[in-house]
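> From the sequence below, what's the structure:
(2 chains)
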Amino acid sequence: MIKLDRVTKVYPGGTEAVREASFEVEKGEICVLLGPSGCGKTTTMKMINLLIHITAGKIYIDGVDNTKIDEDELRRNIGYAIQDIGLFPHMTVRQNIETVPVLKGWTKAERAKRVETLLELVGMGSGEFIDKYPSELSGGQRQRVGVARALGADPPILLMDEPFGAIDPITRARLQDEFLKIQREIKKTVVFVTHDIHEAIKMGDKIALMNEGELVQYDTPANLLYRPKNGFVEKFVGADRALKGLQLIRVKEFMWGFPPTVKTDETAQAARQRMKREGINQMVVVGEGRKFLGWVEWADLEKGKMVSEIMKPSSDVATVDTVLNEALSIMLSTRLNNLAIVNEDNRLEGMLSFDAIRKALSETAQRGESE
Amino acid sequence: MRRQVVLVSLIALCIGLTVWVTSMDRVGIMFPFTWEGMAKHAQRHLQLVFVAEIIAIAIGVPLGVLVTRPGFKKLAIPIIGGASAGQSVPSMAIVAIMVPLIGLGFRPAMVALIIWGVLPILRNSYAAINDINPAIIEAARGMGMTRGQIVRKIELPLALPVIMTGIRVSTVVLVGSATLAALVAGGGLGEIILVGVFVGEPLIILQGGAPAAAMAITMGFILERIERWMTPRGLRVKAEIS
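Prediction:
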């Protein structure tokens, strides 16, 4: 969706802000640009919508060289969210959100509908906010409006420059969670700039860690934590990265997608064969439409003929966005070694095993010892 | 509220003094100016102020905005600096210098007033645009507004209150300065003051000075209301909260 090919930015005067950065952001992914201040992350982001011009290299959007597109047109098709000071103070919430739709010449009815949808999406749909001014809102509300405004004309791409930067930690965490929830629904391609490693790990499908204008490592959050490419990465993510991972990494990074399952109307014999083949001693039981129902255990297989007789019903589940330490504590309280991962409709999306987490942690520990 | 009471009392006092002197039979050795004469001079005074102010706005606002544009930024220091320095030249001197250049009458008075009136407008327009949070402009650019759209939809509305303050200051200053127009035979209430000075009659000086003062205070007051009314509600709310 967005491809950077050896992108370089040299400012007049010779300062090299970005040096030959190449990476690709897949459609529907959140790519976090992370690094200490002055590392070139914001410059890199602003070259995508040409707020900053590229010195050398190319940026392709959907395969098209972005310098070949009319700049204003390009920007109208890329959502842009910055810290809350970027809201227009003399415009109401409605006017702010419909900025791009107005520029694109939408009709009044289309705009009204869109504003309503977006306010609903960011949890401000009660109608009490629509005619308020930014100065009448709380910091968190302003930030939500900022996100809604960036989504104004439903652009496929979203650029976010420290959008939750100037917010207290509790509200920030809530906004992050809300945004992840929205993102699951809208599946935009997002480029997200932050200097906060916690935020990066929480928000990113991929993280581009930059330092002094160079891209140091472009990887998943788990790989950044557990397979740091060099000393800088290790130092940047911090010495407590094993535990940081537990607090920050989402279940989806370690879960087993499409695990073996068994239905209630199958026989215990069928379950035994499948468990033997997969080498597991607990297996998920699903019902109609892959809805999660409970577990069968190897030790219980002799106790009945049908799965429905021997299964242990369970309602302890997590979602793909549950953080690992939360998942771990659910596991500990259920005395199961596994946890079912489901979506909002309780449909099975995967399975998380205690072993997978331990393996990841011990890898880090070993790395630490060998140094 | 208390300020309004003071202002209204001042205006009433000035008008009262004017009426008092004008309705006298004699002031010392001479007759005071008649109602007719007062109306004529007041009218000419307002005419000078309004025409000069409108031209000053037409020059000051666009020029102030222009020097904030990239490409013209280099001009900002000489123009704004020059304007500030110019404001420290006594208005009397500006009026006086017009005589050898343009001669006597309405026109030199006009030119001097325009020069005098344009300075606060120019300075405020420049400062108002320059003080807008760059993040707001960048957000506008990032969303695909053209340069013209940013000026029209973002910069001017946000700068309007401060520009209006410049216009108010300039108008009030011009009402006072316009009394000097009489020195170059430009007419206005200054003529009454001059006569008072020549015959050494303080009450005649008052007859010209008091209505000019009433005019300045009234206009300042009206323009302040207009300023508030033109301030976008979103900015007004903020001002009230903080």
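
> CA only for contacts and neighbour counts going forward, please
Fine.

> Around chain B, which positions in the stretch 51-200 of chain A sit nearby?
A:51, A:71-76, A:78-82, A:85-92, A:99-100, A:103, A:133-136, A:150 (Cα under 8 Å from any Cα of the partner chain).

> The residues you listed in strands, which ones?
Among those, DSSP state E puts A:78-81 in strands.

> Same list (those) but as CSV, adding pLDDT and distance to residue B:179.
As requested, these are arranged in CSV below (pLDDT from 0 to 100; distance: Cα to Cα, whole Å):
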residue, pLDDT, distance to residue B:179
A:78, 94, 58
A:79, 93, 57
A:80, 94, 55
A:81, 92, 54
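
> closest to chain B among the residues you listed?
Ranked by distance to chain B (Cα to the nearest Cα), these are led by residue A:80 at 6.1 Å.

> My reading is that residue A:299 lies in a helix. Confirm?
Yes. Membership of residue A:299 in a helix is supported by DSSP: H, G, I helix; E, B strand; the rest coil.

> what does chain B put close to chain A?
Residues of chain B lying near chain A (Cα under 8 Å from any Cα): B:133, B:135-139, B:141-146, B:154, B:157-158, B:232-235, B:237-238.

> now the residues you listed: which count as buried?
B:135-139, B:141-146, B:154, B:157-158, B:232-235, B:237 (16 or more other Cα atoms under 10 Å in any protein chain shown).

> helices or strands up against the helix or strand containing residue A:332?
Taking DSSP states H and E as the criterion, residue A:332 maps to helix A:324-334. The contact analysis (3 or more Cα pairs under 8 Å, 6 or more residues apart in numbering or on different chains; DSSP states H and E) places helix A:324-334 against helix A:241-248, strand A:338-342.

> Quick check: which of these is buried the most?
For these, the largest average neighbour count (mean count of other Cα atoms under 10 Å in any protein chain shown) is found in strand A:338-342, namely a mean of 25.

> and the following helix or strand past that one, which strands flank it?
Using DSSP H and E, the helix or strand that follows strand A:338-342 in sequence is strand A:348-353. Its sheet considered, strand A:348-353 pairs with strand A:256-257 (antiparallel), strand A:338-342 (antiparallel) by DSSP bridges.

> what does strand A:348-353 rub up against?
A:251, A:254-259, A:286, A:290-292, A:320, A:337-343 (Cα atoms under 8 Å, 6 or more residues apart in numbering or on different chains).

> Helix, strand, or coil at residue A:60?
Under three-state DSSP, residue A:60 comes out as strand.

> What about it, how many residues nearby?
Per other Cα atoms under 10 Å in any protein chain shown, the neighbour tally for residue A:60 reads 17.

> now it, nearest residue through space, not along the chain?
residue A:3 (5.0 Å; Cα to Cα, 6 or more residues apart in numbering or on different chains).

> and if you look at residue B:44?
residue B:188 (5.0 Å).

> What's the local residue count around the one you found?
28.

> Please apply the same query to residue A:131.
Neighbours of residue A:131 (other Cα under 10 Å): 12.

> For the nearest residue to it once chain neighbours are set aside, what are phi and psi?
With sequence-adjacent residues excluded and distances taken as Cα to Cα, 6+ apart, residue A:131 is closest to residue A:92, at 5.3 Å. For residue A:92, the backbone dihedrals (degrees, to the nearest 10) come out as phi -70, psi 170.

> any idea which helix or strand comes after the helix or strand containing residue B:139?
Taking DSSP H and E as the definition, residue B:139 sits inside helix B:134-142. Downstream of helix B:134-142, the first helix or strand assigned by DSSP H and E is helix B:147-149.

> ok, and what's touching that next one?
residue B:141.

> and whichever helix or strand comes after it, what other elements does it pack with?
For helix B:147-149, the following helix or strand on the C-terminal side (DSSP H and E) is helix B:156-177. If contacts are counted by 3+ Cα pairs under 8 Å, 6+ apart, helix B:156-177 sits against helix B:35-66, helix B:106-130, helix B:202-230.

> Format those helices as CSV; extra columns: mean neighbour count and mean pLDDT.
As requested, those are exported to CSV (neighbours: other Cα atoms under 10 Å in any protein chain shown; pLDDT from 0 to 100):
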stretch, mean neighbour count, mean pLDDT
helix B:35-66, 19, 92
helix B:106-130, 25, 89
helix B:202-230, 19, 91
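
> hang on, the earlier thing: per-residue confidence for the residue nearest to residue A:131?
The model reports residue A:92 with a pLDDT of 93.

> What count of nearby residues applies to it?
Residues contacting residue A:92 under the criterion other Cα under 10 Å number 21.

> Then residue A:276?
11.

> quick one: it and chain B, what's the gap?
Between residue A:276 and chain B the computed distance is 57 Å (Cα to the nearest Cα, to the nearest Å).

> Kindly report the same for residue A:303.
In terms of Cα to the nearest Cα, residue A:303 sits 65 Å off from chain B.

> Leaving out the residues flanking it, which one is nearest to that residue?
Nearest one to residue A:303, counting by Cα to Cα, 6+ apart, is residue A:310 at 6.4 Å.

> if you skip the residues just before and after it, what's nearest to the residue nearest the centre of chain B?
Per Cα atoms, centre = their mean, the C-alpha nearest to the average position across chain B is that of residue B:171, at 1.6 Å. Setting aside the residues directly before and after it, residue B:171 is nearest to residue B:53 in space (Cα to Cα, 6+ apart), at 6.4 Å.

> And residue B:169, by the same measure?
Nearest one to residue B:169, counting by Cα to Cα, 6+ apart, is residue B:120 at 6.9 Å.

> Let me see the contact set for the one you found.
Neighbours of residue B:120 in contact, by Cα under 8 Å, 6+ apart: B:166-167, B:169-170.

> got it, and residue A:72?
Contacts of residue A:72 (Cα under 8 Å, 6+ apart): B:141, B:143-146.

> repeat that for 10 Å
Listed by Cα atoms under 10 Å, 6 or more residues apart in numbering or on different chains, the contact set of residue A:72 reads A:49-51, A:103, B:141-147.

> and the closest residue to residue A:74 other than its chain neighbours, backbone torsions?
Take residue A:74 and drop its neighbours on the chain: the residue closest to it by Cα to Cα, 6+ apart is residue A:49, 6.6 Å away. Reported as degrees, to the nearest 10, the phi and psi values for residue A:49 are phi -100, psi 20.

> Residue B:164 touches residue B:231, doesn't it?
Yes. At 9.0 Å, residue B:164 counts as touching residue B:231 under the criterion of Cα atoms under 10 Å.

> Those two - which one has more neighbours?
residue B:164 (22 against 19).

> Without its sequence neighbours, what residue ends up closest to that one?
Among residues not flanking residue B:164 along the chain, residue B:227 sits closest, at 5.7 Å (Cα to Cα, 6+ apart).

> Hmm, residue B:159 and the one you found touching each other?
No. In this structure, residue B:227 is not within contact of residue B:159 by Cα under 10 Å, at 11.5 Å.

> hang on, the earlier thing: and the residue nearest to residue A:74, how many neighbours?
By other Cα under 10 Å, the residues close to residue A:49 number 28.

> Okay, it and residue A:183: tell me how far apart.
For residue A:49, the distance to residue A:183 equals 21 Å [Cα to Cα, to the nearest Å].

> Assign residue A:22 to helix, strand or coil.
strand.

> dump the residue contacts of it.
A:3-8, A:57-59, A:214-215, A:218.

> In TSV: those residues, plus secondary structure and pLDDT.
Shown next, in TSV, are those (DSSP: H, G, I helix; E, B strand; the rest coil; pLDDT from 0 to 100):
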residue	secondary structure	pLDDT
A:3	strand	93
A:4	strand	93
A:5	strand	92
A:6	strand	92
A:7	strand	93
A:8	strand	93
A:57	strand	92
A:58	strand	93
A:59	strand	94
A:214	strand	92
A:215	strand	94
A:218	strand	95
